[in-house]
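Engineer: with the input below, show me the fold.
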Amino acid sequence: MENENRLKHLLSYIFVAILFLGFIGNNSFGELSILSEYLQTESTSVWENSQDDAKEKTNSLTNLESQYTDKMPEKKELIELNGRIAKNLQMRGLYSDIGIYITDENYIISCYSQASTDYEYEQLVDFYQFLKDNNIKFLYVNQPVKYLNDDILEKNFGMQSFSNQNADKLVSRLRQADIPVLDLRDNITSENLNSLEMFYRTDHHWTTKAGLWAAQRIAQAMNENCGYQIDTDLFDISNFNVKHWKNCWLGEQGRKVARSYVGLDDFYEIRPNFSFDGFIDDSRYNLTTDVYKNGSWHFSYQKPNCVNNNVTNGKVLMLADSYGNATEPFLSLGIHEIHTIDRRTDIKKSLRERILNNQYDTVIICYSQIMIGAHANPNSSNYPMFVLDQ
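Structural biologist: Numbering: from 1, shown residues only. All right, here's what the predicted structure looks like:
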(Lines give C-alpha, C1' and ligand atoms only; values in the text may rest on other atoms or scores of the structure.)
Protein backbone atom coordinates (compact mmCIF):
# COMPACT_ATOMS: atom_id res chain seq x y z
CA MET A 1 0.00 0.00 0.00
CA GLU A 2 2.87 2.38 0.87
CA ASN A 3 4.57 1.69 -2.45
CA GLU A 4 1.32 2.31 -4.29
CA ASN A 5 0.92 5.67 -2.56
CA ARG A 6 4.45 6.61 -3.59
CA LEU A 7 3.66 5.67 -7.17
CA LYS A 8 0.52 7.77 -7.03
CA HIS A 9 2.55 10.75 -5.85
CA LEU A 10 5.11 10.22 -8.59
CA LEU A 11 2.37 10.02 -11.21
CA SER A 12 0.73 13.13 -9.84
CA TYR A 13 3.96 15.11 -10.21
CA ILE A 14 4.37 13.91 -13.78
CA PHE A 15 0.82 14.87 -14.67
CA VAL A 16 1.01 18.23 -12.98
CA ALA A 17 3.98 18.99 -15.23
CA ILE A 18 2.11 17.73 -18.30
CA LEU A 19 -1.01 19.69 -17.38
CA PHE A 20 1.04 22.85 -16.89
CA LEU A 21 2.57 22.47 -20.32
CA GLY A 22 -0.89 21.80 -21.75
CA PHE A 23 -2.23 24.82 -19.88
CA ILE A 24 0.30 27.03 -21.62
CA GLY A 25 0.17 25.22 -24.93
CA ASN A 26 -3.58 25.45 -25.53
CA ASN A 27 -4.03 28.97 -24.21
CA SER A 28 -6.15 27.70 -21.33
CA PHE A 29 -4.93 30.55 -19.15
CA GLY A 30 -7.65 32.51 -20.93
CA GLU A 31 -10.11 30.69 -18.70
CA LEU A 32 -8.58 32.32 -15.60
CA SER A 33 -10.63 35.45 -16.17
CA ILE A 34 -13.79 33.33 -16.07
CA LEU A 35 -12.69 31.68 -12.86
CA SER A 36 -11.71 35.02 -11.29
CA GLU A 37 -15.05 36.60 -12.16
CA TYR A 38 -16.88 33.55 -10.85
CA LEU A 39 -15.06 33.59 -7.52
CA GLN A 40 -15.56 37.33 -7.05
CA THR A 41 -19.32 37.07 -7.48
CA GLU A 42 -19.75 34.16 -5.11
CA SER A 43 -19.31 34.43 -1.36
CA THR A 44 -18.79 31.61 1.10
CA SER A 45 -22.34 32.06 2.31
CA VAL A 46 -23.55 30.38 -0.88
CA TRP A 47 -22.40 27.09 0.52
CA GLU A 48 -24.87 27.59 3.35
CA ASN A 49 -27.81 28.28 1.06
CA SER A 50 -30.36 25.84 -0.24
CA GLN A 51 -29.49 22.48 -1.70
CA ASP A 52 -30.32 23.72 -5.21
CA ASP A 53 -27.88 26.62 -4.85
CA ALA A 54 -25.13 24.31 -3.66
CA LYS A 55 -25.81 21.97 -6.55
CA GLU A 56 -25.71 24.89 -8.99
CA LYS A 57 -22.34 25.97 -7.62
CA THR A 58 -20.97 22.45 -7.97
CA ASN A 59 -22.20 22.32 -11.55
CA SER A 60 -20.51 25.65 -12.29
CA LEU A 61 -17.19 24.39 -10.97
CA THR A 62 -17.61 21.20 -12.99
CA ASN A 63 -18.28 23.24 -16.11
CA LEU A 64 -15.12 25.26 -15.54
CA GLU A 65 -13.13 22.08 -15.18
CA SER A 66 -14.68 20.70 -18.35
CA GLN A 67 -13.82 23.88 -20.27
CA TYR A 68 -10.20 23.32 -19.42
CA THR A 69 -9.95 19.56 -19.86
CA ASP A 70 -11.88 19.61 -23.14
CA LYS A 71 -9.23 21.93 -24.60
CA MET A 72 -6.30 19.93 -23.28
CA PRO A 73 -3.97 18.96 -26.13
CA GLU A 74 -3.57 15.22 -26.67
CA LYS A 75 -6.20 14.56 -23.97
CA LYS A 76 -6.95 11.01 -25.11
CA GLU A 77 -3.26 10.19 -25.37
CA LEU A 78 -2.73 11.37 -21.78
CA ILE A 79 -5.59 9.18 -20.57
CA GLU A 80 -4.08 6.22 -22.40
CA LEU A 81 -0.63 6.96 -20.97
CA ASN A 82 -2.04 7.11 -17.46
CA GLY A 83 -3.85 3.81 -17.93
CA ARG A 84 -0.80 2.11 -19.40
CA ILE A 85 1.42 3.17 -16.49
CA ALA A 86 -1.19 2.16 -13.91
CA LYS A 87 -1.64 -1.25 -15.53
CA ASN A 88 2.07 -1.96 -15.76
CA LEU A 89 2.49 -1.02 -12.10
CA GLN A 90 -0.57 -3.11 -11.08
CA MET A 91 -2.20 -0.10 -9.42
CA ARG A 92 -5.67 -1.61 -9.23
CA GLY A 93 -6.90 0.87 -6.66
CA LEU A 94 -5.56 3.95 -8.42
CA TYR A 95 -9.04 5.20 -9.30
CA SER A 96 -10.56 4.64 -5.86
CA ASP A 97 -11.33 8.35 -5.54
CA ILE A 98 -13.99 7.92 -8.26
CA GLY A 99 -15.24 4.62 -6.86
CA ILE A 100 -13.49 2.37 -9.36
CA TYR A 101 -11.53 -0.74 -8.43
CA ILE A 102 -10.07 -3.20 -10.93
CA THR A 103 -9.98 -6.93 -10.23
CA ASP A 104 -7.26 -9.32 -11.32
CA GLU A 105 -9.59 -10.32 -14.18
CA ASN A 106 -9.72 -6.67 -15.32
CA TYR A 107 -13.34 -6.22 -14.24
CA ILE A 108 -14.25 -2.82 -12.86
CA ILE A 109 -16.15 -3.05 -9.58
CA SER A 110 -17.41 -0.44 -7.12
CA CYS A 111 -18.13 0.10 -3.43
CA TYR A 112 -21.61 0.82 -2.08
CA SER A 113 -22.60 2.44 1.18
CA GLN A 114 -24.61 0.81 3.95
CA ALA A 115 -28.37 1.38 3.82
CA SER A 116 -31.05 0.91 6.46
CA THR A 117 -33.57 -0.17 3.75
CA ASP A 118 -36.32 1.47 5.81
CA TYR A 119 -37.49 3.85 3.10
CA GLU A 120 -37.47 1.17 0.40
CA TYR A 121 -39.29 -1.30 2.63
CA GLU A 122 -42.00 1.17 3.67
CA GLN A 123 -42.61 2.30 0.10
CA LEU A 124 -42.79 -1.25 -1.22
CA VAL A 125 -45.13 -2.49 1.50
CA ASP A 126 -47.53 0.40 0.92
CA PHE A 127 -47.29 0.01 -2.86
CA TYR A 128 -47.94 -3.72 -2.63
CA GLN A 129 -51.07 -3.09 -0.56
CA PHE A 130 -52.28 -0.53 -3.13
CA LEU A 131 -51.86 -3.08 -5.91
CA LYS A 132 -53.47 -5.82 -3.86
CA ASP A 133 -56.49 -3.61 -3.13
CA ASN A 134 -56.91 -3.16 -6.88
CA ASN A 135 -56.44 -6.86 -7.75
CA ILE A 136 -53.10 -6.23 -9.47
CA LYS A 137 -50.31 -8.78 -9.16
CA PHE A 138 -46.82 -7.74 -8.08
CA LEU A 139 -43.27 -9.07 -8.30
CA TYR A 140 -40.08 -7.48 -6.99
CA VAL A 141 -36.90 -8.55 -8.81
CA ASN A 142 -33.51 -7.95 -7.21
CA GLN A 143 -30.80 -7.67 -9.82
CA PRO A 144 -27.20 -8.26 -8.67
CA VAL A 145 -23.96 -6.37 -8.99
CA LYS A 146 -20.83 -8.03 -10.34
CA TYR A 147 -19.93 -9.69 -7.06
CA LEU A 148 -22.10 -11.75 -4.72
CA ASN A 149 -19.82 -11.37 -1.70
CA ASP A 150 -19.04 -7.88 -0.40
CA ASP A 151 -15.77 -9.17 1.10
CA ILE A 152 -14.11 -8.93 -2.31
CA LEU A 153 -13.53 -5.23 -1.74
CA GLU A 154 -12.09 -5.60 1.75
CA LYS A 155 -9.83 -8.54 0.85
CA ASN A 156 -8.41 -6.88 -2.27
CA PHE A 157 -8.62 -3.17 -1.62
CA GLY A 158 -9.19 -2.68 2.11
CA MET A 159 -12.58 -1.10 1.44
CA GLN A 160 -16.00 -1.96 2.80
CA SER A 161 -18.95 -2.43 0.49
CA PHE A 162 -22.51 -3.18 1.56
CA SER A 163 -24.30 -3.89 -1.71
CA ASN A 164 -25.15 -7.52 -1.00
CA GLN A 165 -25.76 -6.88 2.68
CA ASN A 166 -28.25 -4.16 1.75
CA ALA A 167 -29.98 -6.51 -0.69
CA ASP A 168 -30.04 -9.33 1.86
CA LYS A 169 -31.73 -7.05 4.36
CA LEU A 170 -34.37 -5.71 1.96
CA VAL A 171 -35.17 -9.09 0.39
CA SER A 172 -35.53 -10.69 3.83
CA ARG A 173 -37.89 -7.97 5.03
CA LEU A 174 -40.04 -8.21 1.89
CA ARG A 175 -40.31 -11.97 2.16
CA GLN A 176 -41.31 -11.68 5.81
CA ALA A 177 -44.09 -9.35 4.63
CA ASP A 178 -45.23 -12.02 2.12
CA ILE A 179 -44.32 -9.85 -0.86
CA PRO A 180 -43.32 -11.93 -3.92
CA VAL A 181 -39.58 -11.54 -4.55
CA LEU A 182 -37.25 -12.97 -7.16
CA ASP A 183 -33.66 -12.55 -6.02
CA LEU A 184 -31.58 -13.38 -9.07
CA ARG A 185 -28.54 -13.93 -6.87
CA ASP A 186 -30.23 -17.15 -5.71
CA ASN A 187 -30.50 -18.32 -9.32
CA ILE A 188 -26.87 -17.45 -10.03
CA THR A 189 -25.78 -19.45 -7.00
CA SER A 190 -28.03 -22.47 -7.61
CA GLU A 191 -26.98 -22.62 -11.27
CA ASN A 192 -23.31 -22.30 -10.31
CA LEU A 193 -22.78 -19.26 -12.56
CA ASN A 194 -19.96 -16.74 -12.39
CA SER A 195 -21.56 -13.38 -11.64
CA LEU A 196 -18.58 -11.44 -13.03
CA GLU A 197 -19.04 -13.05 -16.43
CA MET A 198 -22.64 -11.84 -16.57
CA PHE A 199 -21.44 -8.24 -16.76
CA TYR A 200 -19.25 -6.15 -19.00
CA ARG A 201 -15.74 -5.63 -17.71
CA THR A 202 -15.70 -1.89 -18.45
CA ASP A 203 -19.32 -1.05 -17.66
CA HIS A 204 -21.65 -1.61 -14.69
CA HIS A 205 -24.45 -3.06 -16.84
CA TRP A 206 -25.05 -6.73 -17.40
CA THR A 207 -24.64 -8.30 -20.82
CA THR A 208 -27.35 -9.10 -23.35
CA LYS A 209 -26.82 -12.78 -22.56
CA ALA A 210 -27.52 -12.04 -18.90
CA GLY A 211 -30.58 -10.00 -19.89
CA LEU A 212 -31.97 -12.95 -21.83
CA TRP A 213 -31.14 -15.28 -18.94
CA ALA A 214 -32.90 -12.94 -16.49
CA ALA A 215 -35.99 -12.66 -18.72
CA GLN A 216 -36.46 -16.43 -18.56
CA ARG A 217 -36.18 -16.45 -14.75
CA ILE A 218 -38.56 -13.50 -14.44
CA ALA A 219 -41.07 -15.25 -16.71
CA GLN A 220 -40.89 -18.34 -14.52
CA ALA A 221 -41.46 -16.21 -11.41
CA MET A 222 -44.45 -14.58 -13.10
CA ASN A 223 -45.88 -18.03 -13.75
CA GLU A 224 -45.44 -18.93 -10.09
CA ASN A 225 -46.59 -15.66 -8.52
CA CYS A 226 -48.75 -13.76 -11.00
CA GLY A 227 -50.91 -16.40 -12.64
CA TYR A 228 -49.12 -16.37 -16.01
CA GLN A 229 -48.44 -19.35 -18.24
CA ILE A 230 -45.48 -18.10 -20.24
CA ASP A 231 -43.64 -20.73 -22.26
CA THR A 232 -40.14 -20.27 -20.81
CA ASP A 233 -38.65 -22.28 -23.70
CA LEU A 234 -39.15 -19.08 -25.72
CA PHE A 235 -36.02 -17.74 -24.07
CA ASP A 236 -33.74 -20.61 -24.95
CA ILE A 237 -30.65 -19.25 -26.68
CA SER A 238 -31.17 -21.74 -29.53
CA ASN A 239 -34.19 -19.67 -30.62
CA PHE A 240 -32.00 -16.65 -31.33
CA ASN A 241 -29.43 -15.51 -33.82
CA VAL A 242 -26.29 -14.43 -31.99
CA LYS A 243 -23.60 -12.20 -33.44
CA HIS A 244 -20.38 -11.91 -31.45
CA TRP A 245 -18.63 -8.56 -31.77
CA LYS A 246 -15.10 -8.86 -30.37
CA ASN A 247 -13.19 -6.02 -28.68
CA CYS A 248 -15.66 -3.49 -30.01
CA TRP A 249 -16.62 -0.96 -27.33
CA LEU A 250 -15.54 0.77 -24.14
CA GLY A 251 -18.01 1.05 -21.28
CA GLU A 252 -18.86 4.12 -19.24
CA GLN A 253 -16.47 3.18 -16.43
CA GLY A 254 -13.75 2.08 -18.81
CA ARG A 255 -13.62 5.53 -20.34
CA LYS A 256 -12.58 6.92 -16.98
CA VAL A 257 -9.84 4.30 -16.55
CA ALA A 258 -8.53 4.08 -20.15
CA ARG A 259 -8.68 1.44 -22.82
CA SER A 260 -4.95 0.83 -22.33
CA TYR A 261 -5.69 -0.44 -18.81
CA VAL A 262 -8.83 -2.56 -19.13
CA GLY A 263 -9.06 -3.14 -22.87
CA LEU A 264 -12.30 -3.26 -24.86
CA ASP A 265 -15.44 -5.26 -24.18
CA ASP A 266 -17.05 -7.85 -26.42
CA PHE A 267 -20.75 -7.55 -27.29
CA TYR A 268 -23.34 -10.17 -28.18
CA GLU A 269 -26.11 -8.99 -30.47
CA ILE A 270 -29.01 -11.36 -29.80
CA ARG A 271 -32.04 -11.37 -32.09
CA PRO A 272 -34.97 -13.79 -32.26
CA ASN A 273 -35.57 -15.63 -35.51
CA PHE A 274 -38.07 -12.97 -36.62
CA SER A 275 -38.30 -9.18 -36.77
CA PHE A 276 -36.91 -7.43 -33.70
CA ASP A 277 -36.51 -4.02 -35.32
CA GLY A 278 -38.24 -1.95 -32.65
CA PHE A 279 -35.85 -3.03 -29.95
CA ILE A 280 -32.36 -2.56 -31.39
CA ASP A 281 -30.61 0.61 -32.53
CA ASP A 282 -28.09 -0.68 -35.07
CA SER A 283 -26.39 2.71 -35.33
CA ARG A 284 -24.64 1.95 -32.04
CA TYR A 285 -22.65 -0.82 -33.70
CA ASN A 286 -20.00 1.45 -35.17
CA LEU A 287 -16.43 0.26 -35.33
CA THR A 288 -15.10 3.31 -37.15
CA THR A 289 -15.64 6.00 -34.50
CA ASP A 290 -13.47 6.72 -31.48
CA VAL A 291 -14.45 4.36 -28.63
CA TYR A 292 -14.31 7.32 -26.26
CA LYS A 293 -16.92 9.18 -28.31
CA ASN A 294 -19.09 6.31 -29.51
CA GLY A 295 -22.27 5.76 -27.52
CA SER A 296 -22.65 2.86 -25.09
CA TRP A 297 -23.43 -0.37 -26.92
CA HIS A 298 -25.52 -1.46 -23.94
CA PHE A 299 -28.10 1.15 -24.95
CA SER A 300 -28.44 -0.31 -28.44
CA TYR A 301 -31.25 -2.31 -26.81
CA GLN A 302 -34.32 -0.19 -26.21
CA LYS A 303 -37.28 -0.31 -23.79
CA PRO A 304 -40.26 0.67 -25.94
CA ASN A 305 -43.85 0.04 -24.99
CA CYS A 306 -44.60 -3.17 -26.80
CA VAL A 307 -47.68 -5.01 -28.02
CA ASN A 308 -46.97 -8.60 -29.02
CA ASN A 309 -49.85 -9.94 -31.09
CA ASN A 310 -48.36 -13.43 -31.02
CA VAL A 311 -49.45 -13.62 -27.38
CA THR A 312 -53.03 -13.03 -26.23
CA ASN A 313 -52.60 -12.58 -22.47
CA GLY A 314 -50.95 -10.11 -20.15
CA LYS A 315 -50.62 -6.37 -19.65
CA VAL A 316 -47.58 -5.56 -17.55
CA LEU A 317 -45.97 -2.40 -16.23
CA MET A 318 -42.29 -2.81 -15.50
CA LEU A 319 -40.44 -0.28 -13.36
CA ALA A 320 -36.84 -0.66 -14.40
CA ASP A 321 -33.41 0.91 -14.36
CA SER A 322 -31.00 0.71 -17.29
CA TYR A 323 -30.46 -3.02 -16.73
CA GLY A 324 -33.95 -3.24 -18.23
CA ASN A 325 -32.63 -2.33 -21.67
CA ALA A 326 -31.27 -5.86 -21.96
CA THR A 327 -34.27 -7.51 -20.28
CA GLU A 328 -37.56 -5.98 -21.41
CA PRO A 329 -37.11 -6.73 -25.14
CA PHE A 330 -36.73 -10.43 -24.38
CA LEU A 331 -39.44 -10.57 -21.71
CA SER A 332 -41.90 -9.01 -24.17
CA LEU A 333 -41.74 -12.19 -26.26
CA GLY A 334 -43.97 -13.94 -23.71
CA ILE A 335 -46.41 -11.12 -22.85
CA HIS A 336 -49.13 -9.49 -24.94
CA GLU A 337 -48.37 -5.95 -23.77
CA ILE A 338 -45.56 -4.55 -21.66
CA HIS A 339 -44.77 -0.95 -20.77
CA THR A 340 -41.57 0.16 -19.05
CA ILE A 341 -40.86 3.33 -17.10
CA ASP A 342 -37.80 4.65 -15.29
CA ARG A 343 -38.72 6.69 -12.22
CA ARG A 344 -35.68 8.91 -12.73
CA THR A 345 -37.32 10.41 -15.81
CA ASP A 346 -40.94 9.83 -14.85
CA ILE A 347 -41.06 11.18 -11.30
CA LYS A 348 -43.35 14.14 -12.05
CA LYS A 349 -46.15 11.84 -13.21
CA SER A 350 -48.51 10.00 -10.90
CA LEU A 351 -47.46 6.36 -10.90
CA ARG A 352 -50.63 5.08 -9.26
CA GLU A 353 -52.94 6.98 -11.61
CA ARG A 354 -51.05 5.55 -14.56
CA ILE A 355 -51.45 2.02 -13.23
CA LEU A 356 -55.20 2.38 -12.72
CA ASN A 357 -55.84 4.26 -15.96
CA ASN A 358 -53.98 1.67 -18.06
CA GLN A 359 -55.57 -1.32 -16.32
CA TYR A 360 -52.38 -3.32 -15.88
CA ASP A 361 -52.87 -6.77 -14.45
CA THR A 362 -49.29 -7.01 -13.15
CA VAL A 363 -46.56 -4.62 -11.99
CA ILE A 364 -42.94 -5.74 -11.82
CA ILE A 365 -40.12 -3.76 -10.22
CA CYS A 366 -36.76 -4.84 -11.65
CA TYR A 367 -34.00 -2.92 -9.90
CA SER A 368 -30.31 -3.38 -9.57
CA GLN A 369 -29.47 -3.61 -5.89
CA ILE A 370 -27.29 -0.49 -6.25
CA MET A 371 -30.57 1.44 -6.09
CA ILE A 372 -31.06 0.43 -2.46
CA GLY A 373 -30.17 3.39 -0.26
CA ALA A 374 -30.12 5.94 -3.08
CA HIS A 375 -33.02 7.84 -1.53
CA ALA A 376 -30.74 8.81 1.36
CA ASN A 377 -28.89 11.14 -1.02
CA PRO A 378 -31.09 13.81 -2.65
CA ASN A 379 -28.27 14.62 -5.08
CA SER A 380 -28.18 11.08 -6.42
CA SER A 381 -29.64 10.57 -9.87
CA ASN A 382 -31.20 7.39 -8.45
CA TYR A 383 -33.00 9.27 -5.68
CA PRO A 384 -36.56 8.85 -7.13
CA MET A 385 -36.38 5.12 -7.86
CA PHE A 386 -38.33 4.00 -4.79
CA VAL A 387 -40.80 6.88 -4.76
CA LEU A 388 -43.93 4.77 -5.17
CA ASP A 389 -46.58 6.65 -3.21
CA GLN A 390 -47.55 9.20 -5.86
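
Engineer: was I right about Phe299 contacting Gly324?
Structural biologist: No - here Phe299 does not reach Gly324: they are 11.1 Å apart, not a contact under C-beta atoms under 8 Å. No exception for glycine: its C-beta is placed from N, CA and C like everyone else's.

Engineer: look at those two and report which has more neighbours.
Structural biologist: Gly324 (25 against 15; other C-beta atoms under 10 Å).

Engineer: check contacts around that one.
Structural biologist: Contact analysis of Gly324 by C-beta atoms under 8 Å, 6 or more residues apart in numbering lists Lys303, Met318, Thr340, Asp342, Cys366.

Engineer: from the residues you listed, which shows the smallest pLDDT?
Structural biologist: In terms of pLDDT, the lowest of the contacts of Gly324 is Lys303, showing 79.

Engineer: so it: helix, strand or coil?
Structural biologist: Judged by DSSP: H, G, I helix; E, B strand; the rest coil, the three-state class of Lys303 is coil.

Engineer: name the nearest residue to it, ignoring sequence neighbours.
Structural biologist: Thr340 (4.3 Å; C-beta to C-beta, 6 or more residues apart in numbering).

Engineer: next: Gly295.
Structural biologist: Arg284 (5.6 Å).

Engineer: which residues touch the one you found?
Structural biologist: Arg284 touches Asn294, Gly295, Ser296, Trp297, Phe299, Ser300, counting by C-beta under 8 Å, 6+ apart.

Engineer: kindly report the same for Asp342.
Structural biologist: So Asp342 contacts Lys303, Leu319, Ala320, Asp321, Ser322, Gly324 (C-beta under 8 Å, 6+ apart).

Engineer: can I get the residues you listed in CSV with distance to Ala210 and secondary structure?
Structural biologist: Listed next are those as CSV, based on distance: C-beta to C-beta, whole Å; DSSP: H, G, I helix; E, B strand; the rest coil:
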residue, distance to Ala210, secondary structure
Lys303, 16, coil
Leu319, 19, strand
Ala320, 14, strand
Asp321, 14, coil
Ser322, 13, helix
Gly324, 12, helix
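
Engineer: and of these, the nearest to Gln129?
Structural biologist: Ranked by distance to Gln129 (C-beta to C-beta), the contacts of Asp342 are led by Leu319 at 16.6 Å.

Engineer: number of nearby residues for the closest one?
Structural biologist: Neighbours of Leu319 using other C-beta under 10 Å come to 23.

Engineer: bridged to it, which residues?
Structural biologist: Ile341, Ile365 (DSSP bridges).

Engineer: so who does it touch?
Structural biologist: Thr340, Ile341, Asp342, Arg343, Val363, Ile364, Ile365, Cys366, Tyr367 are the contacts of Leu319 under C-beta under 8 Å, 6+ apart.

Engineer: and the longest strand seen in the chain, which residues are buried?
Structural biologist: When the chain is parsed with DSSP state E, its longest strand is strand 240-249. Buried residues in strand 240-249, defined by neighbour count with 16 or more other C-beta atoms under 10 Å: Phe240, Cys248, Trp249.

Engineer: so which elements touch that strand?
Structural biologist: Secondary-structure packing of strand 240-249 (3 or more C-beta pairs under 8 Å, 6 or more residues apart in numbering; DSSP states H and E): strand 265-272.

Engineer: packing partners of the strand it packs on?
Structural biologist: By 3+ C-beta pairs under 8 Å, 6+ apart, strand 265-272 packs against helix 208-225, strand 240-249.

Engineer: pLDDT of that strand, averaged?
Structural biologist: Strand 265-272 comes out at a mean pLDDT of 95.

Engineer: could you flag which of the contacts of Leu319 are buried?
Structural biologist: The neighbour-count criterion (16+ other C-beta under 10 Å) marks Thr340, Ile341, Asp342, Arg343, Val363, Ile364, Ile365, Cys366, Tyr367 among the contacts of Leu319 as buried.

Engineer: picking that back up, of the contacts of Leu319, closest to Asn88?
Structural biologist: Proximity of those to Asn88 (C-beta to C-beta) peaks at Tyr367, which lies at 38.4 Å.

Engineer: now that closest one. Nearest residue, chain neighbours left out?
Structural biologist: In this structure, Tyr367 finds its nearest non-sequential neighbour in Asp321, 5.7 Å apart by C-beta to C-beta, 6+ apart.

Engineer: thought that neighbour was touching Phe386?
Structural biologist: No - contact criterion C-beta under 8 Å: Asp321 and Phe386 do not qualify, at 11.3 Å.

Engineer: okay, and the common contacts of those two?
Structural biologist: Met371.

Engineer: neighbour count: these two, which is higher?
Structural biologist: Shown here are Asp321 and Phe386; by other C-beta under 10 Å, Phe386 has more neighbours (25 against 19).

Engineer: and the more buried one, what does it touch?
Structural biologist: With C-beta under 8 Å, 6+ apart, Phe386 has these contacts: Tyr119, Glu120, Gln123, Leu124, Arg343, Met371, Ala374, His375.

Engineer: mind checking which of those residues are in helices?
Structural biologist: Tyr119, Glu120, Gln123, Leu124, Arg343 (DSSP state H).

Engineer: isn't the fourth one right next to Leu139, touching?
Structural biologist: This means Leu124. No - the criterion here is C-beta under 8 Å, and Leu124 misses it with Leu139 at 11.4 Å.

Engineer: mutual contacts of those two, please.
Structural biologist: With C-beta under 8 Å, 6+ apart as the test, Leu124 and Leu139 both reach Ile365.

Engineer: out of the helices and strands packed on strand 265-272, which comes closest to Phe330?
Structural biologist: That would be helix 208-225 among the helices and strands packed on strand 265-272, by C-beta to C-beta, at 3.8 Å.

Engineer: average pLDDT for the closest one?
Structural biologist: Mean predicted lDDT for helix 208-225 stands at 98.

Engineer: which helices and strands sit right next to it?
Structural biologist: Counting by 3+ C-beta pairs under 8 Å, 6+ apart, the packing neighbours recorded for helix 208-225 are strand 137-143, strand 181-183, helix 184-190, strand 265-272, helix 328-331, strand 362-368.
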